[in-house]
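Undergrad: could you work out the structure for the sequence below:
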Amino acid sequence: MILEGVEILKPIIFDVDTGIDDAMAMAYALNSPELEVLGFTTCFGNVPVVESTRNTLAVLEKLNRRIPVFEGADQTLVRGRKKKYPKHVHGEDGLGNTLQFEPTIKASQGNAVDFIIDQVKSRPHEITIIAVGPMTNIAMAIKKAPTIMSLVKEVVIMGGAVNVPGNVTPYAEANIISDPEAADQVFASGLPITLVGLDVTLQTYLLKSKLDDWRATGKESAKFLAEMTDYYMKAYENSHPGLGGCALHDPLAVGVAIDSSFVSTEWMNVKVVTEGEETGRTIGQKDGEPRIRVCTNVESDRFVKHFLERVI
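TA: As a prediction, the model looks like this:
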């Protein structure tokens, strides 16, 4: 029973490979009253998983928040795939070389996969998983406990490039190519998925001028986010001269979890190429099962305004 006047929060498991846009997405989620962040699960991706865990804890410490963090996958689902870490985008530390301290808070005991399974089983049909890195933890959870698929309310995934070119190769987006087999298995699982890919995230832009607004607040957390995002924007400038900012990839996945009306979607069956030159390519087809919601358009100005109102 829902009591009149009582706000019902959306419980979230947030799966991250914490680099710079993950950090912005974390701040956005934690400052959004609609969401109850139950815990963060970490994966390799922007950085190795040990550094992803450290970065997640560091961001939480800067935001003065205490949320459980569970370390997850340190390698791809199919063993032996080699991973190149994008230090030219996220810096040596994954946070734009801004990490001048070791976090005092520690990761929780246990692992990410078991945390996902336990939480979903304890709150059936309630939990939304936001995944903004490789999908290895989710694929491993499905493999270990396939019954959870019918118990998850929704999975919002930042990944893929269905109708646009990739950003790592001409075909592949970064999260998908990091573990294409995991992505393919998750898409084929029957989970209720909303795919927030480059089709829409590249339509969202955070302008460099906004970083001065963040610094002007005088908040230590705002300065921390501004400095790392400045590094990220410089990486963007190298590949997109004259852009004057960066896309809000991971934050848009959070925005969709908060308010799905930010985006328009189409139902598609999505498969991932796992071999050859086009490895990591996400192919969306209108026929075939299972189908997932693929974001095809975004109300960019409305979303960016919402993000800016919340993130600091």
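Undergrad: and the helices in the stretch 51-200 of the chain, which stretches?
TA: 87-90, 112-122, 136-144, 174-178, 180-187, 198-201 (DSSP state H, counting those that start in this stretch).
Undergrad: pLDDT on the first one, on average?
TA: Averaged across helix 87-90, pLDDT comes to 94.
Undergrad: if we can go back for a sec, as JSON lines, the helices of the stretch 51-200 of the chain with mean neighbour count and distance to Val59 would be great.
TA: From N, CA and C alone the C-beta is placed, and that goes for glycine too. Converted to JSON lines, the helices of the stretch 51-200 of the chain look like this (neighbours: other Cβ atoms under 10 Å; distance: least, Cβ to Cβ, whole Å):
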{"stretch": "helix 87-90", "mean neighbour count": "19", "distance to Val59": "13"}
{"stretch": "helix 112-122", "mean neighbour count": "20", "distance to Val59": "17"}
{"stretch": "helix 136-144", "mean neighbour count": "24", "distance to Val59": "18"}
{"stretch": "helix 174-178", "mean neighbour count": "27", "distance to Val59": "19"}
{"stretch": "helix 180-187", "mean neighbour count": "25", "distance to Val59": "24"}
{"stretch": "helix 198-201", "mean neighbour count": "26", "distance to Val59": "20"}
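Undergrad: would you format these as JSON lines with distance to Trp267 included?
TA: Formatted as JSON lines, those follow (distance: least, Cβ to Cβ, whole Å):
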{"stretch": "helix 87-90", "distance to Trp267": "32"}
{"stretch": "helix 112-122", "distance to Trp267": "24"}
{"stretch": "helix 136-144", "distance to Trp267": "20"}
{"stretch": "helix 174-178", "distance to Trp267": "19"}
{"stretch": "helix 180-187", "distance to Trp267": "13"}
{"stretch": "helix 198-201", "distance to Trp267": "14"}
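Undergrad: what's the least confident stretch among those?
TA: Sorting the helices of the stretch 51-200 of the chain by mean pLDDT places helix 87-90 lowest, at a mean of 94.
Undergrad: for this structure, which segments are assigned as strands?
TA: Along the chain, counting by DSSP state E, strands occupy 10-16, 35-42, 69-71, 128-131, 154-158, 193-196, 205-207, 245-247, 263-272, 282-285, 292-298.
Undergrad: may I see the buried residues of the longest helix seen in the chain?
TA: Secondary structure of the chain read by DSSP state H shows that its longest helix is helix 220-239. Buried residues in helix 220-239, counted by 16 or more other Cβ atoms under 10 Å: 221-233, 235-236.
Undergrad: shouldn't His249 be in contact with Gly160?
TA: No - taking contacts as Cβ atoms under 8 Å, His249 lies outside contact range of Gly160: 11.1 Å.
Undergrad: the two: who's more crowded?
TA: Remark: of His249 and Gly160, Gly160 carries more neighbours, 30 against 26, as counted by other Cβ atoms under 10 Å.
Undergrad: and the pLDDT for the more buried one?
TA: 98.
Undergrad: next: Val152.
TA: As predicted, Val152 sits at a pLDDT of 98.
Undergrad: which residue is nearest the centroid of this protein?
TA: The centre of the chain sits closest to Val132, judged by Cα atoms, centre = their mean, with a distance of 1.7 Å.
Undergrad: contacting residues around that residue?
TA: 14-17, 21-22, 25, 157-158, 175, 249-250, 253 (Cβ atoms under 8 Å, 6 or more residues apart in numbering).
Undergrad: out of the residues you listed, flag the one nearest to Val113.
TA: Taking Cβ to Cβ as the measure, Val113 lies nearest Asp15 of those, at 10.5 Å.
Undergrad: right, and the closest one touches Pro134 too?
TA: No - judged on Cβ under 8 Å, Asp15 makes no contact with Pro134 at a distance of 9.1 Å.
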